[in-house]
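> Make a model of this:
(2 chains)
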Amino acid sequence: MKSRLTRRSVLRGLMGGAAVSVGLPVLDMFLNGNGTAYASGAPLPTRFGTYFWGLGLTDTPAGGTRWVPGKVGAGYEIMPELEPLAAVKDKVSVFSGFRVIGDGRANLVHWSGHASILSGIAPASASRFDGPSFDTKVADAIGTGTRFKSLDVDASISRQPVSYSTRTGSTFASPDVTPLALYTRLFGPDFQDPNSDNWKPDPSIMLRQSVLSAVTEERKALMKGLAKDDQIKLDQYFSSVRDMENQLAVQLQKPEKCEACVVPSAPREMQRGASVELVNENTRTMAKLLAMGLACNQSRVFTFVHTSGASETYMAGQSKIYHQITHDEPTDAKLGYQPETSRLAGLVMQGLGTFLTELDAIKEGDGTLLDNSLVMAFSDTGYAKIHAIENIPIFFAGRAGGRHKAGQHIAGHGDSVTRVSLTAMQLAGASVGEFGSGSMKTSNPINEVLGART
Amino acid sequence: MRTGRRAIAVTGGRALLTKIAARGRMIAVVCAGLVGAAGLNAAPAAEKNSAGAATKVALRRITESQYRHTIADVFGPGIKVEARFEPERREDGLLALGSAVLSLTSSGFEQYFALAGSIADQALSRKDRESFVGCAPHDPSKADDACARGFIAKYGESLFRRPLTESELQSRLKAAALGANQSGDFYGGLELALASLLVAPDFLFRVEMAEPDPANAGQYRLDAYTKASRLSFLIWDSTPDAELLAAARSGALHSQEELDSQIRRLIASPKFEAGARAFFADMLQLDGFGNLVKDPTIYPKFNQSIAEESREQMLLRAVNLLVHRKGDYRDLFTSKDTFISRPLASVYNVPFASKQSWATYTFPEDSERSGILTDIGFLALNAHPGSSSPTRRGIKVLEVFMCQATPQPPANVDFSKVQDSKQGTVRGRLLDHMENEGCSGCHRRTDPLGLALEHFDGLGQLRTIENGMPIDVTADLKEVKLEGAQGVGEYLRNEPRVPACLVRNVYQYGVGQKTVGRDRPYLAAQTEAFAASGYRFPDLVASVASSAEFFKVVTPKKASPAPIVASTASPSPPIAE
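This is a model prediction of the structure:
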């Protein structure tokens, strides 16, 4: 909040009159001997994030799979469309053969897939989820100690900002869509360098808190007499106010030192365009910023969109968009798949490869930021030509601080996608035992990838 | 007086009311607390007016443009509003309908919080601060409750669109005193109080209230402040002004005579233009231009200023014809008069001689450009980054101007017949869709209108040839054959569903509720009146605003276990093409 109530003017006021005592938690943080925890004994935090890309991967009924490894278990082979993940393969698990079970609800194209994965419920209508997306549950569980409970990023350069993170099912997160916006949010004027040696609390923050208390005092009166739907809306409003209060409270505490945190410089304005080349470039820039935001302990949870469900991305100079090509391109009889579609899928996967590489580039303790993260990457469809919601490609990347037994291929054999979602929540540290509804209700995580709890 | 009253869930009729009461859904009133004697706006009439059991019937998030207009109206046009607003949501073609289902996310609130601080800072740093505040503090380095109270009550009423309750006032007074004492600056305290008004849900949402109707026992009516807000947001896209609030406070707004006189005043105001722009920006779906992208090798003339100015061109065309000239709405589809800027002139390939940034321009009689569908804004927005899209254009013509939604494409379509079409025109490829059983139902409706616009490429530039083949722009609708953009324009001009759709949109936009079957007679009567007026837009707005249905109380949805919605066709998502 920009204000004439600056640190200096407030301090001046304090000296001249009413004194306010500011508690300073003294937390001099250094890593312990073996590099897995802070000196205080607190383990390095586990981060959780989702990564979404549109239009699935190629696995045709004609048998021409381009992404499902033949080998199940550890040491799977790198299939052509997985090539961009080769560098981090040992930290990535591949989930194939999981599906959405609609229980009679229609397959809403480019919507039912990720809506089910995230909310556990096959949606009744396109553009809404019938429940919250599970990343918000993880954020509630592990995201309250940092400045931002969650960071939402959209690299897709779409007409409208794209996010599939929702608490109500109808209001979706408002993502940062340019590198500069993300940079400003993370490292702008309100950023406090955790490694600064002369950190002092900013007393004007307490005044800003009073702006919010005037609002929260009215909560009870406002909630009364509202219809259910409006109560849900106001509930979310007040939960957003609480997140802001939390942000201010965090800023009044001396931040823990983070060895890996190096404050980046402001990014240049990017070129706007929806071609997959530009989207991948944008993905790289935003992944770098996001990774540093995580390393600097600004947040522990994120949602990242590379391209949307029925995305408009395309190969530069081509008149047809990827989406159109997935539907129109004939299957090559000899190859058993659509060659142009598969080429685009490979390009889109380069975005994920780049993203993970950026997380893996930050050293943290005796591993990397990616080792201390769990990224669940997934798409809206399996085989896009027919809008399949079977065999939707899903990946877990990162070792979740050692909990994820990474580097495996898990074959789902038609099990519900919610099993994968439930496993992700548990690996991320949310105490959730059951997820989904109807035939997609499950309390059965995928034990093969669950390591010992640290 | 609001204190100690009890409210009851609003219902449409007495029987239901009794049932609900019996179920124990009696709930205490919302706005407890007296409006204090020192409150400047706490006129006794306000208390009389809110007598009886009041209840909330709707919560509508204010839109970005409503926010901006409100700030400009309340604090002056010099205040800079720099923020990224939370995305809005389109439901059944209108953001106004989406705003009734939206809440605020954390990052959205973060933005409003920062913005509130910035606006409060600017407002209290101004040179004429004392007259803006309305009083001078005894000691500018200390808190002054009396002066602060007047300030908070005055601006609180403008922002909340109703007088503040005593407890709302008290909590802001507390913030003001804390801020003043800690910063040693009375105005610093006011800044906090003002910021807290600007982040309150009562400002960021329009809380619509109903009260028992004294003329009809057992019935409810919107309270006068809610009526005032509906009027000012429909006609001005902004908060009610002092005069309208006064009419609400006295209760005069409940009389038809006062209502009509306020409507006349609002429409006569220059702010009506802003209101009309906001309506057409919503209805024409002009929110996608900020992020519109085109492939630079295929459309080298495209850039961000082309995108923004093509949006502005559509609004200038609509506002000039419908507000300034009070013209016939149907001419929107055939008129050759438009406005043009230097960058746009290069895309239209016409000369631009004016020294102004915008100049009027009339396309020659034989030009293919006629009407709003041939504005590059419409053509470029409803296309792909590297090509046109007859399907998308067709869908939008039906949706925006005829209120005809196109259902979701079926999931499991056999595309095997669809062949790659790097050669020839797009028509051939779409004919495959039209012959495919799963696709034909919709594509037969959507594509012909779009195919008739195929003389305009993905940026809206004129062309007659695609991949070396002449483009055929004839179209076969069920009942008519038409040719080219002029043909589409003529078709829309004479299509009775077009004015009916405008009527429906104005009504839905104003009330924030989707129309249903039983609204049909009302909409038909309004459409008839619209035709009788010669299809004059200001008359339509006045007629809708003056009708009882505009203020009708709609029962809020009862509690349901999960927010599951009916599976109506949604206009936004993906289209197979």
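
> show me where pLDDT drops low in the chain?
You didn't say which chain, so I picked chain A. A:1-43, A:453-454 (pLDDT under 70).

> ah, no, chain B please
Using pLDDT under 70, chain B drops low at B:1-52, B:412-424, B:429, B:432-434, B:555-577.

> tell me the centre residue of the chain?
This is for chain A. A:Thr303 (2.2 Å; Cα atoms, centre = their mean).

> right idea, wrong chain: chain B
The centroid of chain B falls nearest to B:Ala96 when counting by Cα atoms, centre = their mean (4.5 Å).

> host element of it?
Per DSSP states H and E, B:Ala96 falls inside helix B:95-98.

> now check that helix, is it near chain A?
No: figure legend: helix B:95-98 not in contact with chain A (Cβ under 8 Å from any Cβ of the partner chain); closest approach 8.8 Å. Bear in mind the C-beta positions are built from the backbone N, C-alpha and C, glycine included.

> List the contacts of that helix.
Helix B:95-98 is contacted from outside by B:63, B:88-91, B:282, B:287, B:508-510, B:512-514, using Cβ atoms under 8 Å, 6 or more residues apart in numbering or on different chains.

> try 7 Å this time
For helix B:95-98, the surrounding residues in contact (Cβ atoms under 7 Å, 6 or more residues apart in numbering or on different chains) are B:Thr63, B:Glu88, B:Arg89, B:Arg90, B:Glu91, B:Asp282, B:Asp287, B:Gln508, B:Tyr509, B:Gly512, B:Lys514.

> Surely A:Phe52 forms part of a strand?
Yes: assigned with DSSP: H, G, I helix; E, B strand; the rest coil, A:Phe52 falls within a strand.

> Relative to B:Ile235, how far out is it?
Per Cβ to Cβ, to the nearest Å, A:Phe52 is found 42 Å from B:Ile235.

> With A:Glu77 instead?
Distance from A:Glu77 to B:Ile235, by Cβ to Cβ: 66 Å.

> and if you look at A:Ala266?
43 Å.

> between the two, who's got more neighbours?
B:Ile235 (27 against 12; other Cβ atoms under 10 Å in any protein chain shown).

> What's the separation between the more buried one and A:Tyr237?
Taking Cβ to Cβ, one finds B:Ile235 at 27 Å from A:Tyr237.

> ok, B:Ser387 touching A:Ser319?
Yes: with contact defined as Cβ atoms under 7 Å, B:Ser387 reaches A:Ser319; the gap is 4.1 Å.

> so where do the strands sit in the chain?
Using chain A. Secondary structure of chain A (DSSP state E): strands at A:47-53, A:73-74, A:92-96, A:151-154, A:301-305, A:363-364, A:367-368, A:373-379, A:394-397, A:408-411.

> please go with chain B instead
Using DSSP E, strands in chain B cover B:6-7, B:27-28, B:55-61, B:205-212, B:220-222, B:337-340, B:359-362, B:465-466, B:469-470, B:474-476, B:481-483.

> mind giving me JSON lines with these and columns for mean neighbour count?
Converted to JSON lines, the strands of chain B look like this (neighbours: other Cβ atoms under 10 Å in any protein chain shown):
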{"stretch": "strand B:6-7", "mean neighbour count": "18"}
{"stretch": "strand B:27-28", "mean neighbour count": "14"}
{"stretch": "strand B:55-61", "mean neighbour count": "25"}
{"stretch": "strand B:205-212", "mean neighbour count": "23"}
{"stretch": "strand B:220-222", "mean neighbour count": "24"}
{"stretch": "strand B:337-340", "mean neighbour count": "20"}
{"stretch": "strand B:359-362", "mean neighbour count": "14"}
{"stretch": "strand B:465-466", "mean neighbour count": "14"}
{"stretch": "strand B:469-470", "mean neighbour count": "10"}
{"stretch": "strand B:474-476", "mean neighbour count": "16"}
{"stretch": "strand B:481-483", "mean neighbour count": "14"}
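
> and A:Arg66, which of these is closest to it?
Nearest of those to A:Arg66, taken as Cβ to Cβ: strand B:465-466 at 32.3 Å.

> and A:Arg300, what does it touch?
A:Pro45, A:Arg47, A:Phe48, A:Ile142, A:Gly143, A:Thr146.

> Identify the bridge partners of the second one.
With beta bridges defined as DSSP bridges, A:Arg47 has these partners: A:Ser373.

> A:Leu294 is in contact with that one, correct?
Yes: A:Arg47 lies in contact with A:Leu294 (Cβ under 7 Å); the separation is 5.2 Å.

> So between those two, which is more surrounded?
Comparing A:Arg47 with A:Leu294 by other Cβ under 10 Å, the one with more neighbours is A:Arg47, at 31 against 28.

> residue contacts, the more buried one?
Contacts of A:Arg47 (Cβ under 7 Å, 6+ apart): A:Leu294, A:Arg300, A:Val301, A:Asn372, A:Ser373.

> do A:Tyr76 as well
With contact set as Cβ under 7 Å, 6+ apart, A:Tyr76 has these partners: A:Pro69, A:Val94, A:His409.

> again with B:Val133
Residues counted as contacts of B:Val133 (Cβ under 7 Å, 6+ apart) are B:Phe151, B:Leu190.

> Quick check: the gap between it and A:Lys91.
In terms of Cβ to Cβ, B:Val133 sits 60 Å off from A:Lys91.

> Could you chop chain B up by domain?
Listed domain ranges for chain B are B:6-269, B:278-494, B:497-549 (source: automatic domain parsing).

> do you know which of those domains lies nearest A:Lys385?
domain B:278-494 (6.4 Å).
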